[in-house]
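Visitor: Predicted structure and sequence below. I'll ask about it afterward.
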Amino acid sequence: MKTERCPKCNSEMVDGFLIDRDKADRVQTWFEGEPSKYWFGMLRLRGRARFGVVTRRCRRCGFLESFATGPER
């Protein structure tokens with residue numbers, strides 16, 4: 001496996017993930033399109049493409065880089 005390098009300081013990057021803290025811990029998900037809400041405030045997500053998010057962190061400077069993985073079902 002290729003070791004990713006930090007674009008800021010050229011040190012090693014390590015994979016990880018961010019958690020959205022609300023009523024339950026959830027790994028972040030990226031949704032396609034502009035956000036829109038129902039009249040009572042919840043986001044409309046049905047039918048949208050969604051992708052998991054992986055975040056890399058630089059061991060030296062702490063720079064974070066996030067990117068979408070393959071589509072989720």
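Guide: Structure's in. What do you need?
Visitor: Only C-alpha atoms from now on, for both contacts and neighbour counts.
Guide: Noted.
Visitor: who's in contact with stretch 41-49?
Guide: Residues outside stretch 41-49 that contact it (C-alpha atoms under 8 Å, 6 or more residues apart in numbering): 31-33, 35-38, 71-72.
Visitor: how close does F67 sit to G41?
Guide: Distance, F67 to G41, using C-alpha to C-alpha, to the nearest Å: 27 Å.
Visitor: So between these two, which is more surrounded?
Guide: Just comparing F67 and G41: by other C-alpha atoms under 10 Å the higher neighbour count belongs to F67, 11 against 8.
Visitor: Quickly find the element holding the more buried one.
Guide: Taking DSSP states H and E as the criterion, F67 maps to strand 64-71.
Visitor: ok so, going back, as JSON lines, the contacts of stretch 41-49 with distance to R5 and secondary structure would be great.
Guide: Formatted as JSON lines, those follow (distance: C-alpha to C-alpha, whole Å; DSSP: H, G, I helix; E, B strand; the rest coil):
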{"residue": "F31", "distance to R5": "27", "secondary structure": "strand"}
{"residue": "E32", "distance to R5": "28", "secondary structure": "coil"}
{"residue": "G33", "distance to R5": "30", "secondary structure": "coil"}
{"residue": "P35", "distance to R5": "33", "secondary structure": "coil"}
{"residue": "S36", "distance to R5": "36", "secondary structure": "coil"}
{"residue": "K37", "distance to R5": "39", "secondary structure": "strand"}
{"residue": "Y38", "distance to R5": "42", "secondary structure": "coil"}
{"residue": "P71", "distance to R5": "25", "secondary structure": "strand"}
{"residue": "E72", "distance to R5": "27", "secondary structure": "coil"}
